[in-house]
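Peer 1: structure of the sequence below:
(one chain, ligands or ions: 1)
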Amino acid sequence: MKKQLIAGNWKMNGSSVANETLLKALVAGMASATCQVAVCVPAPYLAQVQGLVAGTGIELGAQDVSQHEAGAFTGEVSAAMLRDFATRYCLVGHSERRQYHGETDVVVAVKALRALAAGITPIVCVGETLEEREAGRTEEVVKRQLAAVIHANGHCISEIVVAYEPVWAIGTGKTASPEEAQQVHAVLRAQLRAATAQAERVLILYGGSMNAANAAQLLSQQDIDGGLVGGASLKPTDFLTIIAAAN
Ligand code: PGA
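Peer 2: Have a look, this model is predicted:
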């Protein structure tokens, strides 16, 4: 059976001191973890966290990558640079990037391509807004977002991780019910099946107010292969409870 993946998304939080405290608590508490664990950290802390997680079983992740390979793109961080710090995962197309930084489906697809070319697994985020859900457009939106990535990445699509994150559930305390989430995950799985014979090995994570209380139920759904955890990943006890709920 494939191992589930619990990935923390620290967003724009942390400091050298706080990162060390958090990771030490995680390492001390996750000795018996059976799932895969990753933390997606702000770029300036990649080197620090690379050192702190070495040999612990926690994988290093980034939160974004440039769509460009190299050159005159002030402020951008390339996939090769992430790779320099042994980054294993990189979020692409998080809804906060789509919403606040105008990232389109095509840009997100190119970012996934850049990550894969550098040997980094992109965690491709898809999800509908509240308005789209209420208009009955959830399926159409997530399929459109994933289709762009499938189109650009061809047979490599089996190498990505997908994260379904309903925008209305992110940081709001409102979670999709396990059944609501499973329904969308099944749609995404079917779309992957149509694109690759390896669809069963693609991990599809759920994200959006996953916490210590709701993780076990969400993670027991057939097509939910892990979690992308924001707020709760900054609280060691909560994050460890989520890790313990995964397998
Ligand atoms: P949340 O964030 O768990 O705080 O809702 C999830 C995410 O944005 O990845």
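Peer 1: hey, where'd the strands end up in the chain?
Peer 2: For the chain, the strands defined by DSSP state E cover 5-9, 36-41, 58-62, 89-92, 121-126, 161-164, 204-207, 226-229.
Peer 1: which parts of the last one are buried?
Peer 2: Neighbour counts using 16 or more other C-beta atoms under 10 Å place 226, 227, 228, 229 of strand 226-229 among the buried residues. Bear in mind the C-beta positions are built from the backbone N, C-alpha and C, glycine included.
Peer 1: buried set for stretch 155-175?
Peer 2: 156-157, 159-170, 175.
Peer 1: just these that are near the ligand?
Peer 2: Counting by C-beta under 6 Å from any ligand atom, 165, 170 from the buried residues of stretch 155-175 sit close to the ligand.
Peer 1: who in the chain is up against the ligand?
Peer 2: Where the chain comes near the ligand, counting by C-beta under 6 Å from any ligand atom, the residues are 9, 165, 170-171, 207-210, 228-232.
Peer 1: out of the residues you listed, what pair is the most spread apart?
Peer 2: 165 and 232 (13.7 Å; C-beta to C-beta).
Peer 1: pretty sure residue 89 contacts residue 39?
Peer 2: No: counting by C-beta atoms under 8 Å, residue 89 stays clear of residue 39, with 9.2 Å between them.
Peer 1: so between these two, which is more surrounded?
Peer 2: Per other C-beta atoms under 10 Å, whichever of residue 89 and residue 39 has more neighbours is residue 39, with 26 against 23.
Peer 1: excluding its backbone neighbours, what's nearest the more buried one?
Peer 2: Spatially, and ignoring its direct neighbours in sequence, residue 39 is nearest to residue 8 (4.5 Å; C-beta to C-beta, 6 or more residues apart in numbering).
Peer 1: contacts only, for the one you found.
Peer 2: 37, 38, 39, 40, 229, 230, 233, 234, 239 (C-beta atoms under 8 Å, 6 or more residues apart in numbering).
Peer 1: quick one: which of these is nearest the ligand?
Peer 2: Nearest to the ligand among those: residue 230, at 2.2 Å, using C-beta to the nearest ligand atom.
Peer 1: shouldn't that closest one be in contact with residue 7?
Peer 2: No: using C-beta under 8 Å, residue 230 is not in contact with residue 7; the gap is 10.1 Å.
Peer 1: apart from its neighbours in sequence, what residue is nearest residue 184?
Peer 2: Nearest to residue 184 is residue 164, by C-beta to C-beta, 6+ apart, at 5.3 Å.
Peer 1: looking at the chain, which helix is longest?
Peer 2: When the chain is parsed with DSSP state H, its longest helix is helix 178-195.
Peer 1: can you list contacts of that helix?
Peer 2: 126, 138-139, 142-143, 146-147, 150, 157-158, 162, 164, 166, 176, 199, 202, 204, 206, 217-218, 220-224.
Peer 1: burial of residue 42, as a residue count?
Peer 2: The number of residues near residue 42, taken as other C-beta under 10 Å, comes to 17.
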